[in-house]
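Visitor: Provided below are the primary sequence and the corresponding predicted coordinates.
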Amino acid sequence: MTSEPLPPALPVTDRTRHRRLREQGSLDRAELEAILDAGFVCHLGVVLDGRPVVVPTVYGRDERWLYLHGSVASRSLAGDTPVCVTVTHVDGLVLARSVFEHGVNYRSAMVHGTARKVTDPEEKLAGLRLLTEHATPGQWAYARQPSRKELAATTLLALSLEEASVKTRSGAPDDGDGPDAGLGLWAGVLPLAAAWGEPAADPALPAGIAVPEHIARRAGTRHG
Ligand SMILES: Cc1cc2nc3c(=O)[nH]c(=O)nc-3n(C[C@H](O)[C@H](O)[C@H](O)COP(=O)(O)OP(=O)(O)OC[C@H]3O[C@@H](n4cnc5c(N)ncnc54)[C@H](O)[C@@H]3O)c2cc1C
């Protein structure tokens, strides 16, 4: 395992080279990190028994590694096999004059590599903490820590953030200055935003247990 910092520019490799819609690509690692930090659900693509499967799962990260976790029984978390992980944020529908020019405003990241199973107990605990904190900052310290048995039942995978790509689209439809601009049809963007709702207490909760501040303060705030 290496902890060397990664370069500020994303590498252009055979796998990460944008071939289509290149103008939407970016080589800025800071942009990759912003996309990863804006979400907590990714899609893990892996080939199992010769067939691709794509598994939605949560993640956390540090500067160097993307961490994924799950049951030791999970075949998609076997490790030591090539994987591709994507994180996607949809910012709106791009409604053009022609159906052909319709699109999506988005921010997306793709990470390629071979994930390793984390066996070092210290890194495993630190990775699980990152994962928990990524989705709910403040929750690792608030909730009960994992027991030895729970840790043994959990697989943690680490995927290097070295070989990754970014693509984004923003703004108006592309046919505002083409022949279709004269059709007299409405065109524009329908924005999409997700927000956190009010915390709903577990009905099994005894009276008098208040919503902790780190959860309460997220209500009404934007996600993504
Ligand atoms: C929400 C959403 C909806 C989309 N809808 C469509 C659609 O309907 N039709 C369509 O053609 N395209 C769509 N795209 C764009 C799509 O993801 C691809 O970028 C595009 O189709 C080119 O695919 P390709 O296999 O030819 O990529 P290539 O250019 O051959 O891909 C080469 C490499 O570029 C990188 N790359 C490619 N796409 C992305 C990406 N989205 N994010 C990060 N890295 C990337 C990867 O590292 C990949 O291995 C959508 C994207 C998003 C996020």
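Guide: Looks like it came in fine. Numbers count the residues shown, from 1 in each chain.

Visitor: which parts of this protein sit against the ligand?
Guide: For the chain, the residues in contact with the ligand (CB under 6 Å from any ligand atom) are 15-21, 88, 90, 104, 106, 108-110, 165-167. Where you see a C-beta, it was placed from the backbone N, CA and C, and this is true even at glycine.

Visitor: contact partners for Asp175?
Guide: Ala96, Arg97, Ser98, Glu101, Ala181, Ala187 (CB atoms under 8 Å, 6 or more residues apart in numbering).

Visitor: in the longest helix along the chain, what's buried?
Guide: The longest helix of the chain (DSSP state H) is helix 121-135. Using 16 or more other CB atoms under 10 Å as the test for burial, helix 121-135 gives Lys124, Leu125, Ala126, Gly127, Leu128, Arg129, Leu130, Leu131, Thr132, His134.

Visitor: element containing the residue nearest to the last one when sequence neighbours are not counted?
Guide: Meaning His134. Spatial nearest neighbour of His134, chain neighbours left out: Gly60 (3.7 Å); criterion: CB to CB, 6 or more residues apart in numbering. According to DSSP states H and E, Gly60 maps onto strand 51-61.

Visitor: note down every partner strand of that strand and its orientation.
Guide: strand 41-48 (antiparallel), strand 65-71 (antiparallel) (DSSP bridges).

Visitor: centre of the chain versus the first one, how much separation?
Guide: Yep, that's strand 41-48 we're talking about. Its chain's C-alpha centre and that of strand 41-48 lie 11 Å apart, by CA atoms, centre = their mean, to the nearest Å.

Visitor: can I have that strand written out in PDB, keeping just the CAs?
Guide: C-alpha atoms of strand 41-48 as PDB (Å, rounded to 0.1, in the frame of the first residue of the first chain):
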ATOM      1  CA  VAL A  41     -23.400   6.400  -3.600                       C
ATOM      2  CA  CYS A  42     -21.400   5.000  -6.400                       C
ATOM      3  CA  HIS A  43     -21.900   2.200  -8.900                       C
ATOM      4  CA  LEU A  44     -19.300  -0.600  -8.800                       C
ATOM      5  CA  GLY A  45     -18.800  -2.400 -12.100                       C
ATOM      6  CA  VAL A  46     -17.100  -5.800 -11.900                       C
ATOM      7  CA  VAL A  47     -17.100  -9.000 -14.000                       C
ATOM      8  CA  LEU A  48     -18.300 -12.000 -12.200                       C
END
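
Visitor: for the contacts of Asp175, give me JSON lines that also has pLDDT.
Guide: Converted to JSON lines, those look like this (pLDDT from 0 to 100):
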{"residue": "Ala96", "pLDDT": "98"}
{"residue": "Arg97", "pLDDT": "98"}
{"residue": "Ser98", "pLDDT": "97"}
{"residue": "Glu101", "pLDDT": "97"}
{"residue": "Ala181", "pLDDT": "95"}
{"residue": "Ala187", "pLDDT": "98"}
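
Visitor: how near is the residue nearest to Arg29 when sequence neighbours are not counted to the ligand?
Guide: Distances taken as CB to CB, 6+ apart put Pro8 closest to Arg29, at 5.1 Å, once the chain neighbours are dropped. Taking CB to the nearest ligand atom, to the nearest Å as the measure, Pro8 and the ligand are separated by 18 Å.

Visitor: got it, and Glu123?
Guide: Counting by CB to the nearest ligand atom, the separation of Glu123 from the ligand is 27 Å.

Visitor: with Val83 instead?
Guide: For Val83 relative to the ligand (CB to the nearest ligand atom), the value is 13 Å.
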